[in-house]
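*Asks:* model this:
(2 chains)
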Amino acid sequence: MSTTRMQEIQICFGKGKQTDIATANTGVQMWQWRKLNAALANPKLNTENDAEEFGKGHEFPTQSFQTSWDVNGTLEKYLSAEIGAWAMAFGLGKVVKSGTTPNWVYTCTPLIPSAGDPAELPYFSFVEQIRPGAGIVLDRMAVGCAVEAWTISIGSGPGRANSKINVEFVGSGKVTEPSAITMPAAAVEKLLPSASLALTISGVNYVSNKNIVSLETSWKNNLRLEGGFYPGSGFQTPADATSGAIRGRLEFGNRQGTLRFVARFENGSTELAKLKSQTTGTAVISLTYDTNNALEITWPKVSFATAEVGETDGIVTVSVECLPMWDEANGIVSAVAKCGVDGICQ
Amino acid sequence: MTETVFMRSPTGEVRAVEATPATIVPLMIRGWQQCDPREEVTPDVHDTDAGDSDLLRQG
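*Replies:* Take a look at the predicted model:
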């Protein structure tokens, strides 16, 4: 009997957005990627039973009921222009596309409901396959997924692992098995290595002064999972009330942005002074493959929430946690992602 | 020549703007959305007098 190795897992997901939470992406809207983590986006069926009901004569369950479905997963990848553009577009939610082949530009900001934007992020379908077809091991598609969070981590060192992105996502619970999706050819990625970093925070260029050690920036949507189950939200099998409820919406909750970095601390370093004075300024993080493939994230207004002096490999460093704040002109965060792929989140 | 994109305000105004973050981002956070250039010339079609032959004869 043959064994199945995890390296056989293939994933693809919506490059374009679904028309609504219940309508899956088609195969031509998807792209295939490799990933670094083995974790699967396992659908979880939640059940309940009648153990606590009176009238049975005992305390033991006699029946079990399918109540609802959950899907969640994580994508861990080396950061590339393509996955960066996808994560910014689907994770922040609002996208303006400009440019032409091979230089598409996706300008992304968070949705602002008070300005009339929806409270739901764009949805995508996520497919996992191991030997689909006659020798199937696994072939399923989670429909109606939304990005819960993304985290970009930049470290010191030459390897690809020093520039990574993690994307967490949550599904509506709707699962199609088999997926009926023909896996597209694997996408070619333009990696955005750590060595390409440009970084300016509150007027300090941490790359030109050669002080940056590591950086992490993230966005979390805090999706309202329970709010997805409302009267009429639907079932796994349409019109089958015994098949378990699925979510009819995934609204974001109180969103949070973070920016942390570690830099060498030396004579003239301003981090502690800025912490005391609560100076605000702009943080711009750029990573570049070439003119047409890059990612730039701007936090227009940050102050330093903490700044602690410590050490990294025997060198005195300062670890800073920034507080991103709302800027009246430019909001909380924006991202400009350039890549050669058309139709991301369109 | 600077590229432009078409943006629609929450009130329906359509404007061609420079496709630069400095121009686009302030609009995006105020509810403007990217739209089709054709939307720029459509507001009149729902007017009650749209297609009125008398209007066509004017001017």
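*Asks:* got the phi/psi numbers for A:Glu271?
*Replies:* Note on A:Glu271: backbone dihedrals following degrees, to the nearest 10 are phi -60, psi -50.
*Asks:* and it, what pLDDT?
*Replies:* As predicted, A:Glu271 sits at a pLDDT of 98.
*Asks:* what number of residues lie near it?
*Replies:* Residues lying near A:Glu271 (other CB atoms under 10 Å in any protein chain shown) number 23. Placement of C-beta: from N, CA and C, glycine included.
*Asks:* repeat for A:Ser64
*Replies:* Around A:Ser64 there are 11 residues (other CB under 10 Å).
*Asks:* Look up phi and psi at the residue nearest to it when sequence neighbours are not counted.
*Replies:* In this structure, A:Ser64 finds its nearest non-sequential neighbour in A:Asn49, 4.8 Å apart by CB to CB, 6 or more residues apart in numbering or on different chains. The phi/psi pair for A:Asn49 (degrees, to the nearest 10) reads phi -140, psi 180.
*Asks:* Double-check A:Asn49 against A:Gln63; I have them as touching.
*Replies:* Yes. Contact criterion CB atoms under 8 Å: A:Asn49 and A:Gln63 qualify, at 6.2 Å.
*Asks:* In the stretch 51-200 of chain A, what residue spans correspond to strands?
*Replies:* With DSSP state E, counting those that start in this stretch, the ranges of strands along the stretch 51-200 of chain A come out as A:64-78, A:93-100, A:103-110, A:124-130, A:138-154, A:163-171, A:174-176, A:198-201.
*Asks:* Would you convert the ones you listed into CSV that also reports mean pLDDT and distance to A:Ile9?
*Replies:* Formatted as CSV, those follow (pLDDT from 0 to 100; distance: least, CB to CB, whole Å):
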stretch, mean pLDDT, distance to A:Ile9
strand A:64-78, 97, 12
strand A:93-100, 98, 28
strand A:103-110, 98, 28
strand A:124-130, 97, 6
strand A:138-154, 98, 8
strand A:163-171, 98, 16
strand A:174-176, 97, 16
strand A:198-201, 98, 35
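*Asks:* CSV please, covering those and showing distance to A:Ile332.
*Replies:* Formatted as CSV, the strands of the stretch 51-200 of chain A follow (distance: least, CB to CB, whole Å):
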stretch, distance to A:Ile332
strand A:64-78, 23
strand A:93-100, 12
strand A:103-110, 6
strand A:124-130, 23
strand A:138-154, 15
strand A:163-171, 19
strand A:174-176, 31
strand A:198-201, 16
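*Asks:* nearest to A:Glu266, of the ones you listed?
*Replies:* strand A:198-201 (16.0 Å; CB to CB).
*Asks:* Give the pairing partners of the closest one; include direction for each.
*Replies:* strand A:204-205 (antiparallel), strand A:281-290 (antiparallel) (DSSP bridges).
*Asks:* for the last one, the distance to its chain's centre please.
*Replies:* It refers to strand A:281-290. Taking CA atoms, centre = their mean, to the nearest Å, the mean C-alpha location of strand A:281-290 is offset from the chain mean by 19 Å.
*Asks:* mind listing what's buried in it?
*Replies:* A:Gly281, A:Ala283, A:Ile285, A:Ser286, A:Leu287, A:Thr288, A:Tyr289 (16 or more other CB atoms under 10 Å in any protein chain shown).
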